[in-house]
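Peer 1: Would you be able to build a 3D model of this:
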Amino acid sequence: MIIAPVLVRIGAAAQLHHHRGQRDTARRLLGEIWDEIGGERGNPLHVCVLAHAMADVQEDVRQELLWDHRALAAAGLLTPVQSAEAGVDLPIAALYPSLHLNIADCHRRLGDLDRAREHLQHARTGIDALGDDEYGRLIRSGLNTLTQQLSNP
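Peer 2: Numbering: from 1, shown residues only. All right, here's what the predicted structure looks like:
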(Lines give C-alpha, C1' and ligand atoms only; values in the text may rest on other atoms or scores of the structure.)
Protein backbone atom coordinates (compact mmCIF):
# COMPACT_ATOMS: atom_id res chain seq x y z
CA MET A 1 0.00 0.00 0.00
CA ILE A 2 1.19 3.51 -0.79
CA ILE A 3 0.89 6.06 2.01
CA ALA A 4 -0.80 9.34 1.06
CA PRO A 5 1.77 12.04 0.22
CA VAL A 6 0.40 14.48 2.81
CA LEU A 7 0.93 11.87 5.54
CA VAL A 8 4.50 11.38 4.36
CA ARG A 9 5.07 15.15 4.59
CA ILE A 10 3.57 15.27 8.08
CA GLY A 11 5.82 12.40 9.14
CA ALA A 12 8.90 14.09 7.68
CA ALA A 13 8.11 17.32 9.53
CA ALA A 14 7.57 15.43 12.79
CA GLN A 15 10.91 13.67 12.35
CA LEU A 16 12.67 17.03 12.23
CA HIS A 17 11.64 17.46 15.85
CA HIS A 18 12.01 13.88 17.09
CA HIS A 19 15.30 13.01 15.41
CA ARG A 20 16.97 16.34 14.75
CA GLY A 21 15.70 18.55 17.56
CA GLN A 22 14.34 21.12 15.09
CA ARG A 23 11.11 21.93 16.94
CA ASP A 24 10.60 25.38 15.40
CA THR A 25 11.16 24.17 11.85
CA ALA A 26 8.84 21.23 12.39
CA ARG A 27 6.14 23.51 13.85
CA ARG A 28 6.45 25.89 10.88
CA LEU A 29 6.19 23.07 8.33
CA LEU A 30 3.28 21.46 10.14
CA GLY A 31 1.56 24.86 10.22
CA GLU A 32 1.97 25.19 6.46
CA ILE A 33 0.53 21.72 5.88
CA TRP A 34 -2.31 22.52 8.31
CA ASP A 35 -3.26 25.49 6.13
CA GLU A 36 -3.01 23.37 2.96
CA ILE A 37 -5.33 20.65 4.28
CA GLY A 38 -7.95 23.18 5.36
CA GLY A 39 -7.33 23.05 9.08
CA GLU A 40 -10.02 21.34 11.11
CA ARG A 41 -12.25 21.15 8.02
CA GLY A 42 -9.75 18.92 6.22
CA ASN A 43 -9.70 15.16 5.75
CA PRO A 44 -10.13 13.73 9.28
CA LEU A 45 -7.15 11.40 8.90
CA HIS A 46 -4.88 14.25 7.86
CA VAL A 47 -6.23 16.46 10.65
CA CYS A 48 -5.78 13.71 13.24
CA VAL A 49 -2.22 12.83 12.26
CA LEU A 50 -1.13 16.45 11.83
CA ALA A 51 -2.71 17.63 15.10
CA HIS A 52 -1.12 14.69 16.92
CA ALA A 53 2.28 15.69 15.53
CA MET A 54 1.68 19.41 16.08
CA ALA A 55 0.95 18.78 19.75
CA ASP A 56 4.44 17.35 20.16
CA VAL A 57 6.14 20.50 18.88
CA GLN A 58 4.36 22.93 21.19
CA GLU A 59 6.33 24.63 23.94
CA ASP A 60 3.26 25.52 26.00
CA VAL A 61 1.34 22.60 27.52
CA ARG A 62 -2.00 24.40 27.01
CA GLN A 63 -1.31 24.65 23.29
CA GLU A 64 -0.23 21.02 23.28
CA LEU A 65 -3.52 20.06 24.92
CA LEU A 66 -5.47 22.07 22.35
CA TRP A 67 -3.77 20.20 19.49
CA ASP A 68 -4.27 16.85 21.26
CA HIS A 69 -7.99 17.57 21.53
CA ARG A 70 -8.10 18.44 17.82
CA ALA A 71 -6.49 15.08 17.05
CA LEU A 72 -8.99 13.25 19.25
CA ALA A 73 -11.95 15.04 17.67
CA ALA A 74 -10.71 14.20 14.17
CA ALA A 75 -10.21 10.54 15.14
CA GLY A 76 -13.90 10.42 15.96
CA LEU A 77 -14.67 11.33 12.34
CA LEU A 78 -12.40 8.72 10.76
CA THR A 79 -13.69 5.79 8.79
CA PRO A 80 -11.85 2.57 7.97
CA VAL A 81 -12.25 3.40 4.28
CA GLN A 82 -10.44 6.75 4.68
CA SER A 83 -7.67 5.05 6.58
CA ALA A 84 -7.27 2.28 4.01
CA GLU A 85 -7.34 4.71 1.07
CA ALA A 86 -4.51 6.66 2.69
CA GLY A 87 -2.39 3.52 3.02
CA VAL A 88 -2.68 3.30 6.80
CA ASP A 89 -3.04 -0.26 8.05
CA LEU A 90 -3.37 0.63 11.75
CA PRO A 91 -6.93 0.12 13.01
CA ILE A 92 -8.62 3.40 13.98
CA ALA A 93 -9.26 2.02 17.48
CA ALA A 94 -5.48 1.74 17.95
CA LEU A 95 -5.18 5.54 17.77
CA TYR A 96 -7.24 6.19 20.88
CA PRO A 97 -4.84 4.90 23.57
CA SER A 98 -2.09 7.21 22.32
CA LEU A 99 -4.41 10.19 21.94
CA HIS A 100 -5.85 9.76 25.43
CA LEU A 101 -2.38 9.12 26.87
CA ASN A 102 -1.15 12.44 25.49
CA ILE A 103 -4.19 14.30 26.83
CA ALA A 104 -3.80 12.63 30.22
CA ASP A 105 -0.16 13.67 30.39
CA CYS A 106 -1.03 17.28 29.55
CA HIS A 107 -3.61 17.35 32.33
CA ARG A 108 -1.04 15.87 34.73
CA ARG A 109 1.46 18.59 33.84
CA LEU A 110 -1.27 21.22 34.32
CA GLY A 111 -2.04 19.80 37.76
CA ASP A 112 -5.52 18.50 36.88
CA LEU A 113 -4.98 14.98 38.16
CA ASP A 114 -8.65 13.98 38.03
CA ARG A 115 -8.85 14.77 34.30
CA ALA A 116 -5.50 13.04 33.82
CA ARG A 117 -6.84 9.88 35.47
CA GLU A 118 -10.03 10.09 33.40
CA HIS A 119 -8.10 10.12 30.12
CA LEU A 120 -5.70 7.48 31.39
CA GLN A 121 -8.72 5.23 31.94
CA HIS A 122 -9.95 5.96 28.40
CA ALA A 123 -6.50 5.01 27.11
CA ARG A 124 -6.52 1.77 29.09
CA THR A 125 -10.00 0.92 27.80
CA GLY A 126 -8.68 0.86 24.23
CA ILE A 127 -5.42 -0.96 24.94
CA ASP A 128 -6.61 -4.23 23.37
CA ALA A 129 -6.67 -2.52 19.97
CA LEU A 130 -2.89 -2.23 20.08
CA GLY A 131 -0.72 -4.89 18.53
CA ASP A 132 2.27 -6.54 20.14
CA ASP A 133 4.65 -4.46 18.07
CA GLU A 134 6.95 -1.50 18.66
CA TYR A 135 4.05 1.00 18.60
CA GLY A 136 1.96 -1.06 21.01
CA ARG A 137 4.88 -1.49 23.40
CA LEU A 138 5.64 2.25 23.27
CA ILE A 139 2.07 3.18 24.19
CA ARG A 140 1.84 0.52 26.91
CA SER A 141 5.11 1.76 28.39
CA GLY A 142 3.79 5.33 28.36
CA LEU A 143 0.61 4.21 30.09
CA ASN A 144 2.61 2.41 32.77
CA THR A 145 4.84 5.45 33.32
CA LEU A 146 1.88 7.83 33.57
CA THR A 147 0.09 5.44 35.94
CA GLN A 148 3.13 5.54 38.23
CA GLN A 149 3.38 9.32 38.00
CA LEU A 150 -0.29 9.69 38.94
CA SER A 151 0.11 7.23 41.82
CA ASN A 152 2.93 9.34 43.30
CA PRO A 153 2.02 12.97 42.54
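
Peer 1: buried stuff in the helix or strand of the chain with the lowest mean pLDDT?
Peer 2: When each helix and strand of the chain is scored by mean pLDDT, DSSP states H and E, helix 80-85 comes last, with a mean of 78. Of the residues in helix 80-85, those scored as buried under the neighbour-count criterion (16 or more other Cβ atoms under 10 Å) are 82-83. Backbone N, C-alpha and C define where each C-beta goes, glycine included.

Peer 1: and the most centrally placed residue in the chain, helix, strand or coil?
Peer 2: The structure's the chain has its C-alpha centroid closest to His52; by Cα atoms, centre = their mean the separation is 3.2 Å. Reduced to three states with DSSP: H, G, I helix; E, B strand; the rest coil, the structure at His52 is helix.

Peer 1: who touches it in this structure?
Peer 2: Remark: with contacts taken as Cβ atoms under 8 Å, 6 or more residues apart in numbering, His52 is in contact with 67-68, 71, 98-99, 102.

Peer 1: could I get those as a markdown table with distance to Glu59 and secondary structure?
Peer 2: Rendered in a markdown table, the data for the contacts of His52 read as follows (distance: Cβ to Cβ, whole Å; DSSP: H, G, I helix; E, B strand; the rest coil):
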| residue | distance to Glu59 | secondary structure |
| --- | --- | --- |
| Trp67 | 12 | helix |
| Asp68 | 15 | helix |
| Ala71 | 18 | helix |
| Ser98 | 21 | helix |
| Leu99 | 20 | helix |
| Asn102 | 15 | helix |
